[in-house]
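Chemist: Next one to model:
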Amino acid sequence: MMLRYALQTVRARKGGFLGAFLALMCAAALITACGTLLETGLRGTIRTERYAATPVVVSADQNVHQTTVKHKKGKTKVKHKAKPIAERAWLSSDLATRLRRAPGVDRVIPELTFLAQPLTPIGSVDKNRPAYGHAWDSAALTPYTLTTGTAPRTDGDLVVDRQFAERAHLEPGDRLTVQSTQSPRTYRVTGVAEPARAVLHQTSLFFSPSEARRLAAHPGKVTAFGVLPTKGTDMATLKQSVARALHGTTAQVSAGDERGPVEFLDAAAARTKLVSMGGAMGGTSLLVAVLVVVGTFALSVQQRHRELALLRAIAATPGQIRALLGREALIVGAAAGAFGALAGLPLGSWLHSRFVAIGAVPATLQHTVSVFPLFAAVIATLLGAWAAARISSRRITRIRPAEALAEAQVERTRPAWGRVLAGLALLAGGAVLVAVLSVLRTEPASTPVTFLAVVVLASAVALLGPLLVKAAAAVLAGPLRLTGPGGRLARANLRGNAARMASVVTPLTLLIGMTCTVLFVQPTLGDAARTQAREGIRADWVLAAQGPGVPAEAARQLRTHHDVVTEVVRTTVRVGLDKYAAQGVTPAGLTRTWDPDVTAGSLSDLKNSTVAVSELAADQLHLKPGSTLKLTLGDGTPATLTVAAVYAKGLGFGDLTFAYDVVARHVDNPLATSVLVSTARTQTQLATTLRKFPAVHVLAPAAADSIQAARQQANAEVNYLAMGLVLAFTAIAVVNTLAMSVSERVREFAMLRLAGATRRQVLRMLRTEALSVLLLATALGSGIALAVLTAFSVGMTGSAAPAVTPLVYVTVVAVAGMLALVATALPGRVALHVRPVTVATAKE
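Modeler: Numbers count the residues shown, from 1 in each chain. Reported below is the predicted structural model:
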């Protein structure tokens with residue numbers, strides 16, 4: 001009976017439920033899209049290309065491990081955790097002897113993979129196919145076969161893959177300059193090779209075995225081994241045989257789909273990023289969706305107060321009213337969830353493609369879709385709709401039948417105490433989150449707390465909204481009187497319909513607060529980092545390269561008895577399982593080119609056996625000059641160093657600083673990311689000295705700072721895109737709520753018209769209401785964003801200086817105002833098209 005009545009109500013009040021349907025549908029689409037990203041991170045396929053013809057691949061362990069043993073109440077609990085390292089780990093070439101002796105092994109092919117960037121005109125190398133160098137004797141792993149020319153026999157020979165040869169218009173006999181781990185060298189193209197299977201995500205350059213070993217710069221080590229079976233040996237048997245042969249070593253044995261992560265380390269590392277990104281986006285989306293949907297349902301129930309009061313007056317029990325509203329919500333939620341979940345699939349695919357385009361996710365990590373995100377979105381939508389209906393129906397179901405119709409005539413003058421107390425509790429919770437944010441000093445810890453604080457404070461605004469609207473009406477009473485009859489009517493509406501106005505204030509506050517936070521979090525961090533870097537560079541000139549980096553030979557040519565040249569190479573290391581940004585610098589004469597604001601110890605003690613740490617790392621790891629630090633370098637090599645100095649500018653230069661040689665031997669790209677030069681020579685003189693390195697440019701420190709700013713802006717695009725969908729959903733909710741609020745005021749407008757008000761006066765009243773609500777939402781949203789951003793700035797940079805761009809802020813408010821005015825004016829004009837007498841008669 002109640003279900004049939006709920007269906008009839010939904011059919012009869014399509015317009016009233018349309019707003020809730022749209023809000024729920026957008027929420028379901030957003031949850032589905034985020035769910036597909038999360039699933040891609042967890043289960044996304046990484047197909048092998050380079051090792052396509054190799055059933056079993058042996059590689060080094062790409063993780064750092066930590067095992068903890070806890071004894072509690074007579075029980076021993078062992079926990080094992082692993083985290084990926086930043087660079088490629090290498091294997092000892094001596095393992096080949098073990099592998100060749102394993103039963104079922106026919107051939108063991110050593111593989112070398114290293115940096116090899118062709119220095120050709122822009123466009124010759126596809127940016128989606130990064131170039132790597134290999135030894136020609138490992139071509140069988142794919143396999144590559146020669147289509148033209150001969151194999152490389154001398155150190156000056158080179159074989160290129162067919163696709164690159166076509167793009168760069170190369171053929172045997174041509175010359176090609178390659179920037180690898182050493183100085184650029186020009187090779188003679190001796191052949192063009194083509195893979196037996198499609199290789200879509202990399203460009204391969206093949207060198208002679210001796211030249212490949214020189215360029216790989218890891219004597220006695222290999223990237224991996226490809227193991228080929230004897231005739232009649234299946235893959236499972238071969239894998240078991242190889243695993244037994246390597247027992248007691250840390251080498252990893254991969255077969256089938258396990259080979260892809262061995263080949264594409266960036267794709268494997270991107271899994272963790274995508275899981276955290278999808279989880280953060282999905283969690284934020286869910287919180288925003290619940291907040292918006294609750295507000296939308298509250299407005300819908302408020303508009304039906306008269307109808308529900310009548311049901312209470314004719315003896316409907318509170319349980320029956322709750323059941324009716326709950327079933328209506330489930331009907332709307334089921335329909336919205338189904339449509340939204342289906343719409344979320346192409347949205348998730350588009351979002352994945354955008355992340356690939358900006359480099360946040362490698363193309364080799366294939367987008368994975370299953371039914372689980374759809375089911376999760378539908379279930380979340382149903383639960384959200386049901387919870388929103390229950391929350392929104394609390395007051396109407398608790399009043400006595402005799403009071404129901406009286407309650408329906410006017411809005412309560414005071415909000416329920418429970419609502420006020422809940423709002424104050426959320427406000428206190430938001431204040432605690434802001435306080436916590438001010439002491440968080442790492443970006444991974446701060447980012448989720450930042451957006452959670454905005455949502456919690458916006459939720460407090462939602463609950464305290466009626467009181468805030470009445471307070472705003474009192475403050476604006478004077479200015480509104482000066483605007484004429486429309487302003488006085490607007491003030492009366494703000495005071496008399498505070499709950500309805502509060503339902504509009506909430507999404508506007510959330511939109512402004514969230515948008516300002518998203519737009520200004522990264523600039524706050526980036527500006528502080530660039531300021532520290534700019535203040536810490538004492539060099540006269542900075543060398544930067546268009547290619548993969550500045551060769552060591554370029555730095556050597558500039559280094560003299562009078563001039564100091566500091567090479568800088570960057571990486572990431574782990575202390576335990578915690579990740580720290582690190583750099584290697586040339587120790588000689590370091591204080592002439594670099595000043596990180598040393599607060600303890602001395603940089604003159606920096607050498608291969610020591611390390612300098614930032615104050616943040618020193619606090620977290622309890623270090624001081626003379627302390628011992630155990631860590632794992634980028635390629636998994638353990639190291640134990642002594643702390644030589646502690647410095648303040650860790651945000652601009654990273655948390656750990658080593659001698660250059662310590663880092664360069666353990667990274668995939670040993671070329672310097674930048675070179676600091678302290679000299680009396682001019683820019684022209686330096687450029688003349690470096691004429692053999694056309695890709696290296698001499699820049700003033702300010703110009704180098706602008707390049708760093710551009711890189712940080714590119715990284716910020718990931719966050720903008722990640723939160724852009726949440727902001728778009730919030731904007732839709734703003735328009736949706738405003739339109740619902742205005743479209744149900746047909747009777748009110750008719751009565752005003754019958755009392756003598758003109759259409760223009762009614763529309764002016766609506767505009768004045770919208771501007772008043774916008775002013776309140778702007779104040780609240782800006783206050784929330786300012787509090788959160790200031791706390792973020794204090795925690796991350798040590799100073800209360802959020803980077804707020806006035807023009808961007810004004811644009812945000814202007815867009816919110818435009819949405820508010822358009823969403824108010826259009827439904828208002830439609831409502832005024834109906835004749836007042838007809839409306840009044842119909843309602844009576």
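
Chemist: As a check, name the ranges of all helices in the stretch 101-250 of the chain.
Modeler: Ranges of helices in the stretch 101-250 of the chain, per DSSP state H, counting those that start in this stretch, are 162-168, 209-216, 235-245.

Chemist: Nearest approach to residue 182 belongs to which of those?
Modeler: helix 209-216 (6.3 Å; Cβ to Cβ). Quick note: C-beta positions are derived from backbone N, CA and C, even for glycine.

Chemist: Just the CA coordinates for the closest one, please, in CSV.
Modeler: Once non-C-alpha atoms are left out, helix 209-216 reads as follows in CSV (Å, rounded to 0.1, in the frame of the first residue of the first chain):
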residue,chain,number,x,y,z
PRO,A,209,77.0,-5.1,-26.3
SER,A,210,80.2,-3.3,-25.2
GLU,A,211,78.7,0.1,-25.8
ALA,A,212,75.5,-0.8,-24.1
ARG,A,213,77.4,-1.9,-21.0
ARG,A,214,79.3,1.4,-21.0
LEU,A,215,76.1,3.5,-21.3
ALA,A,216,74.2,1.5,-18.7
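
Chemist: Now do the buried residues in that helix.
Modeler: 209, 211-216 (16 or more other Cβ atoms under 10 Å).

Chemist: Stretch 340-353 too?
Modeler: Neighbour counts over stretch 340-353 (16+ other Cβ under 10 Å) mark 340-341, 343-345, 347-348, 351-352 as buried.

Chemist: Nearest to residue 424 among those?
Modeler: For the buried residues of stretch 340-353, the nearest to residue 424 is residue 340 (33.7 Å; Cβ to Cβ).

Chemist: That closest one reaches residue 23, doesn't it?
Modeler: No - with contacts counted by Cβ atoms under 8 Å, residue 340 stays clear of residue 23, the gap being 9.9 Å.

Chemist: Give the helix, strand or coil label for the closest residue to residue 636 other than its chain neighbours.
Modeler: Nearest non-adjacent residue to residue 636, counting by Cβ to Cβ, 6 or more residues apart in numbering: residue 89, 4.2 Å away. Here residue 89 is recorded as coil under DSSP: H, G, I helix; E, B strand; the rest coil.

Chemist: how about residue 89, what does it touch?
Modeler: 59-62, 635-636 (Cβ atoms under 8 Å, 6 or more residues apart in numbering).

Chemist: do the same with residue 105
Modeler: 99, 227-230, 238, 241-242.

Chemist: how about a cut-off of 6 Å?
Modeler: Residues in contact with residue 105 (Cβ atoms under 6 Å, 6 or more residues apart in numbering) are residue 227.

Chemist: Show me what it bridges to in the sheet.
Modeler: residue 229 (DSSP bridges).

Chemist: now do the one 5 residues further on
Modeler: Under the criterion DSSP bridges, residue 110 forms beta bridges with residue 225.

Chemist: Residue 111 versus the closest residue to residue 217 other than its chain neighbours, what's the distance?
Modeler: Counting by Cβ to Cβ, 6+ apart, the nearest residue to residue 217 once its immediate chain neighbours are dropped is residue 181, at 4.9 Å. Shown here: residue 181 relative to residue 111, a distance of 16 Å by Cβ to Cβ, to the nearest Å.

Chemist: swap in residue 391?
Modeler: Look at residue 391 and residue 111: by Cβ to Cβ, they are 60 Å apart.

Chemist: cool, and residue 229?
Modeler: 17 Å.

Chemist: Any regions of the stretch 1-150 of the chain where pLDDT drops low?
Modeler: When residues are selected by pLDDT under 70, those of the stretch 1-150 of the chain lie in 1-17, 19, 72-74, 122-125.

Chemist: if you set the cut-off to 80 instead, what comes out?
Modeler: Applying pLDDT under 80 to the stretch 1-150 of the chain flags residues 1-20, 22-23, 69-78, 121-128.

Chemist: Tell me how this structure divides into domains.
Modeler: Per automatic domain parsing, the domain ranges recorded for the chain read 1-46+266-409, 56-265, 433-532+706-844, 547-694.

Chemist: closest to residue 539 out of those domains?
Modeler: domain 547-694 (3.7 Å).

Chemist: what's the first-to-last distance across the closest one?
Modeler: 10 Å (Cα to Cα, to the nearest Å).

Chemist: gap between the residue nearest to residue 636 and residue 271?
Modeler: Taken as Cβ to Cβ, the span from residue 89 to residue 271 is 17 Å.

Chemist: any idea how far residue 797 lies from residue 598?
Modeler: For residue 797 relative to residue 598 (Cβ to Cβ), the value is 19 Å.

Chemist: Residue 263 too?
Modeler: Distance, residue 263 to residue 598, using Cβ to Cβ: 43 Å.

Chemist: for residue 620, same thing?
Modeler: From residue 620 to residue 598 the distance is 18 Å (Cβ to Cβ).

Chemist: From the contacts of residue 89, keep the buried residues only.
Modeler: Using 16+ other Cβ under 10 Å, the buried members of those are 59-60, 62, 635-636.

Chemist: Include distance to residue 134, secondary structure and pLDDT when you put the buried residues of stretch 340-353 into JSON lines, please.
Modeler: As requested, those are exported to JSON lines (distance: Cβ to Cβ, whole Å; DSSP: H, G, I helix; E, B strand; the rest coil; pLDDT from 0 to 100):
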{"residue": "340", "distance to residue 134": "47", "secondary structure": "helix", "pLDDT": "90"}
{"residue": "341", "distance to residue 134": "45", "secondary structure": "helix", "pLDDT": "91"}
{"residue": "343", "distance to residue 134": "45", "secondary structure": "helix", "pLDDT": "91"}
{"residue": "344", "distance to residue 134": "41", "secondary structure": "helix", "pLDDT": "90"}
{"residue": "345", "distance to residue 134": "39", "secondary structure": "helix", "pLDDT": "92"}
{"residue": "347", "distance to residue 134": "39", "secondary structure": "helix", "pLDDT": "89"}
{"residue": "348", "distance to residue 134": "36", "secondary structure": "helix", "pLDDT": "88"}
{"residue": "351", "distance to residue 134": "34", "secondary structure": "helix", "pLDDT": "85"}
{"residue": "352", "distance to residue 134": "30", "secondary structure": "helix", "pLDDT": "86"}
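
Chemist: possible to save those as CSV with distance to residue 741?
Modeler: Putting the buried residues of stretch 340-353 into CSV (distance: Cβ to Cβ, whole Å) gives the following:
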residue, distance to residue 741
340, 23
341, 28
343, 25
344, 27
345, 32
347, 28
348, 32
351, 31
352, 36
